[in-house]
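I need the structure of the sequence given here:
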Amino acid sequence: MAEIRIRTLLGSDLNAIVSIWNQALHRDPINEGRFLSNVSADPDYWPGEDSGFFVAVKDDQPVGFLRAIIRRWPNDRVGLEPEDGWLPVMAVAPEYQRAGIGTALLHAAMDYFKRHGRKRVWVCGNTGSAPGYTFPGVDKDAYPGALALLQKAGFVIDHQPVAMSREVMDFDVAGFEKKAWETGAEVEVSTLGPERVQDFFAFMAEAFPGDWNIAARLKVKAGRLGEILIASLDGKIVGYCQWEGEHFGPFGVAEAARNKRVGAKLFTEAVKRIRQADGRSVWFNWADEDAARFYQRFGLGVTRRFAILRKDL
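Residues are numbered from 1 along each chain as shown. Predicted coordinates for the structure are as follows:
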């Protein structure tokens, strides 16, 4: 290990980092444009010695990397979350794995978090709080070595979300609609209109503080209100969902309205519109345990299994 040096990211590392990413994270390929968008343009990334992006170098060539995040930009309605840190991604070139490089990168990250007064570190985050999000956690089937490395370093599994999908060409819209509307006939489901945007943001701030607010604002900012559905009860918004192409989510229902099949109404209507736009499937990367049971009722199956880990400092 004497020949391995840990330093922060340089602009000249870009090609090598993308190459390592694609070799080591084979189920999650990336290109330079996505890397620049996800990392360099991220408000939580500050270039320089305090960036939190660590690169393992041998003979002046990158052989591994890790991104450690502290919030520089407030999470909507939650703030800077000063007790938490996040590890959204790490990778070591396959030919250098099992040589202590991952451990050295983790040590650099833990020192960084302690320097900034963090009390907990997450891999990769939680619903509503996942800065630098690329995937929910460690894919247990694709990257068992990374999971073992993190557990050896003192991380424990906090929960285990899944990715899910199904084809929708044979989605029984009429059947699912009938079941969804067996109760809760007083609920209204509609496209978000300009006159309800203010009410929508107020609902989001109260019911789902955190990253989902940011995703909703970006959708509205892009002028894509047609990809947001809201559910209203007595004129008050109690649920919503959004999508892009065949990718579904985020999606949430206020706790007080969860006995009126609001979620079923929203999901069925969203899938109907995805099909009408020539979508052939519906998918998402992240469903916690309760949500997974909900989606299974609509025929979605698990495509990936993740472990979200936590370490208390």
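
hey, where'd the strands end up in the protein?
For the chain, the strands defined by DSSP state E cover 4-8, 53-58, 61-69, 84-92, 120-123, 138-139, 156-159, 162-167, 188-191, 228-233, 236-244, 247-253, 281-287, 301-312.

figure out which of the ones you listed is closest to residue 268.
Nearest to residue 268 among the strands of the chain is strand 188-191 (9.0 Å), distances taken as CB to CB. All C-beta spots, glycine's among them, are computed from the backbone N, C-alpha and C.

pLDDT below threshold where in this structure?
Applying pLDDT under 70 to the chain flags residues 1-2.

hang on, the earlier thing: so which of the strands of the chain is the most surrounded?
strand 84-92 (a mean of 25; mean count of other CB atoms under 10 Å).

in CSV, could you pull the C-alpha coordinates for that strand?
Once non-C-alpha atoms are left out, strand 84-92 reads as follows in CSV (Å, rounded to 0.1, in the frame of the first residue of the first chain):
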residue,chain,number,x,y,z
ASP,A,84,-25.2,13.3,8.5
GLY,A,85,-22.8,12.4,5.8
TRP,A,86,-23.3,10.2,2.7
LEU,A,87,-21.3,7.9,0.5
PRO,A,88,-23.2,7.7,-2.8
VAL,A,89,-20.6,5.9,-4.9
MET,A,90,-17.2,4.2,-4.6
ALA,A,91,-15.3,1.9,-7.0
VAL,A,92,-11.9,0.3,-7.5
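
which residues does residue 220 contact?
192, 197, 200, 228 (CB atoms under 8 Å, 6 or more residues apart in numbering).

for residue 79, see how far away it is.
Distance, residue 220 to residue 79, using CB to CB, to the nearest Å: 22 Å.

try residue 307
Look at residue 307 and residue 79: by CB to CB, they are 27 Å apart.

with residue 243 instead?
Going from residue 243 to residue 79 by CB to CB gives 28 Å.

re the thing from before, of the contacts of residue 220, grab the buried ones for PyMOL.
Here is the PyMOL command that selects the buried residues among these (16 or more other CB atoms under 10 Å):
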select buried, resi 192+197+200+228
